[in-house]
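Peer 1: Build me a model:
(one chain, ligands or ions: 1)
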Amino acid sequence: MADILRGDVVAQRLCHRVTAQVERMRAERGVVPGLAVILVGEDPPSEVYVRRKLAKAKQVGIRSFEHRLPAETGEAELLALIARLNSDAAVHGILVQLPLPEQISADKVLNAIDPDKDVDGFHPVNVGRLSTGGGGLVPCTPLGCMMLLDEVVSEFRGRQAVVIGKSNIVGKPVALLLLERECTVTVTHIHTVDLASIVRKADIVVVAAGAPRLVRGDWVKPGAVVIDVGITRVTSEDGRTRLVGDAAADEMDHAGVVTPVPGGVGPMTIACLLGNTIKAAQALTA
Ligand SMILES: Nc1nc2c(c(=O)[nH]1)N[C@@H](CN(C=O)c1ccc(C(=O)N[C@@H](CCC(=O)O)C(=O)O)cc1)CN2
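Peer 2: The predicted structure is shown next:
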């Protein structure tokens with residue numbers, strides 16, 4: 001059976017490090033890192049994620065500024081709020097929870113955030129920095145995937161890595177991060193022909209396709225590391241709901257290491273957001 005790589009445990013360690021960094025910034029420079037979190041509407045999963053982000057920020061000593069706007073909020077109103085936060089010196093990180101209601105263009109909103117406060121790493125400037133070798137703020141879920149891989153992979157150079165999923169939030173940035181570590185990276189998606197045979201060659205599989213149980217046990221090379229980013233809520237016949245990943249967890253017998261769902265990549269996303277807030281606060285107050 002594969003080893004289980006628990007993201008909640010790794011995330012907890014990262015949160016301890018962030019707590020120490022916050023304390024040092026406060027003691028040495030009188031700076032309290034500030035994170036603004038914007039939630040538009042009442043999407044239930046987004047409510048959960050925002051609540052967790054705010055709770056974790058408080059736990060590590062980051063000051064948070066919560067902005068909850070009604071679902072019918074117009075784009076101009078949201079852009080005006082972002083402009084105010086961009087010029088607020090107490091705010092070092094700005095996060096707009098996605099998805100946004102359909103009357104608002106996510107691209108316009110994300111592009112309006114000051115790139116130096118863009119703790120989600122979604123602004124084109126940060127995307128550009130990532131694709132040209134770093135220095136910017138890196139999206140939280142891909143960063144979390146790499147930290148998990150660092151726990152179990154000692155040498156990345158030359159390893160075959162397959163990314164399943166081509167989203168701007170996970171698939172593309174994680175592929176760039178793996179490339180930066182000199183893996184040979186194949187980016188695939190749910191329309192890739194004969195996906196199974198590509199995955200079978202991989203030492204590292206990062207699956208972020210939003211397709212429950214897409215990666216089957218016999219797709220995985222013996223000893224491979226499988227990072228499962230998928231989180232889908234499914235309701236079984238008895239009416240119970242549970243979270244299911246993009247890898248068939250019960251079939252991962254001959255994988256070397258797999259991340260669980262829940263308790264894998266998800267908690268890392270939130271811990272990395274806190275890490276990015278410290279990074280932004282340090283850069284903005286240097
Ligand atoms: N502005 C952003 N919006 C969204 C992002 C993002 O990184 N920035 N990512 C996702 C949602 N997300 C964070 O916002 C997120 C998803 C899942 C988890 C998590 O901890 N999941 C748990 C299970 C949670 C549950 O019980 O439902 C787990 O995997 O253990 C954290 C954050 C889309 N939007």
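Peer 1: Grab the nearest non-local neighbour of the closest residue to the ligand within the chain.
Peer 2: Residue nearest to the ligand within the chain (C-beta to the nearest ligand atom): Gly266, separated by 2.2 Å. Every C-beta, even on glycine, is put in place using the N, C-alpha and C of the backbone. Nearest residue to Gly266 in three dimensions, chain neighbours excluded: Ile231, at 6.0 Å (C-beta to C-beta, 6 or more residues apart in numbering).
Peer 1: hang on, the earlier thing: next, count neighbours for the residue of the chain closest to the ligand.
Peer 2: 21 (other C-beta atoms under 10 Å).
Peer 1: what do you get for Ala286?
Peer 2: 6.
Peer 1: What pLDDT does the model give it?
Peer 2: At Ala286, the pLDDT value in this model is 93.
Peer 1: before we move on, what about Gly133?
Peer 2: 86.
Peer 1: again, but for Gly263
Peer 2: 98.
Peer 1: who's in contact with it?
Peer 2: Arg6, Gly7, Asp8 (C-beta atoms under 8 Å, 6 or more residues apart in numbering).
Peer 1: Need phi/psi at the residue nearest to Gly266.
Peer 2: For Ile231, the backbone dihedrals (degrees, to the nearest 10) come out as phi -140, psi 100.
Peer 1: try the one 4 residues further on
Peer 2: When quoted as degrees, to the nearest 10, the phi and psi of Thr235 stand at phi -110, psi 120.
Peer 1: again with Leu78
Peer 2: Torsion angles, degrees, to the nearest 10, at Leu78: phi -70, psi -40.
Peer 1: how close does it get to His67?
Peer 2: 9 Å (C-beta to C-beta, to the nearest Å).
Peer 1: Spell out which residues are contacts of both of those two.
Peer 2: Ile38.
Peer 1: Could you tell me which residues of the stretch 1-150 of the chain lie near the ligand?
Peer 2: Selection of the stretch 1-150 of the chain residues close to the ligand by C-beta under 6 Å from any ligand atom yields Val48, Tyr49, Leu95, Val96, Gln97, Leu98, Asp120, Cys140, Thr141.
Peer 1: re earlier: number of residues surrounding the residue nearest to Gly266?
Peer 2: 19.
Peer 1: Is it possible to get CSV of the contacts of Gly263 that adds secondary structure and neighbour count?
Peer 2: Shown next, in CSV, are these (DSSP: H, G, I helix; E, B strand; the rest coil; neighbours: other C-beta atoms under 10 Å):
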residue, secondary structure, neighbour count
Arg6, coil, 16
Gly7, helix, 28
Asp8, helix, 14
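Peer 1: all helices for the stretch 151-286 of the chain, in order.
Peer 2: 171-180, 195-199, 265-284 (DSSP state H, counting those that start in this stretch).
Peer 1: meant to ask about the stretch 1-150 of the chain
Peer 2: 7-29, 44-60, 75-86, 106-112, 124-131, 140-152.
Peer 1: Buried residues, the longest one. List them.
Peer 2: By neighbour count, with 16 or more other C-beta atoms under 10 Å as the criterion, the buried positions of helix 7-29 are Gly7, Val10, Ala11, Leu14, Cys15, Val18, Thr19, Gln21, Val22, Met25.
Peer 1: now swap in the second one and tell me
Peer 2: Neighbour-count burial for helix 44-60, counted by 16+ other C-beta under 10 Å, picks out Ser46, Tyr49, Val50, Lys53, Leu54, Lys56, Ala57, Val60.
Peer 1: May I see those organised as TSV, with pLDDT and distance to Thr132 added?
Peer 2: Output for the buried residues of helix 44-60, formatted as TSV (pLDDT from 0 to 100; distance: C-beta to C-beta, whole Å):
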residue	pLDDT	distance to Thr132
Ser46	97	31
Tyr49	97	30
Val50	98	32
Lys53	98	29
Leu54	98	33
Lys56	98	31
Ala57	98	30
Val60	98	31
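Peer 1: With respect to Asp194, which of those is nearest?
Peer 2: Tyr49 (34.8 Å; C-beta to C-beta).
Peer 1: Can you give me the pLDDT of Met252?
Peer 2: At Met252, pLDDT is 97.
Peer 1: just to revisit the earlier point, buried ones among the residues of the stretch 1-150 of the chain next to the ligand?
Peer 2: Applying 16+ other C-beta under 10 Å to those flags Tyr49, Leu95, Val96, Gln97, Asp120, Cys140, Thr141 as buried.
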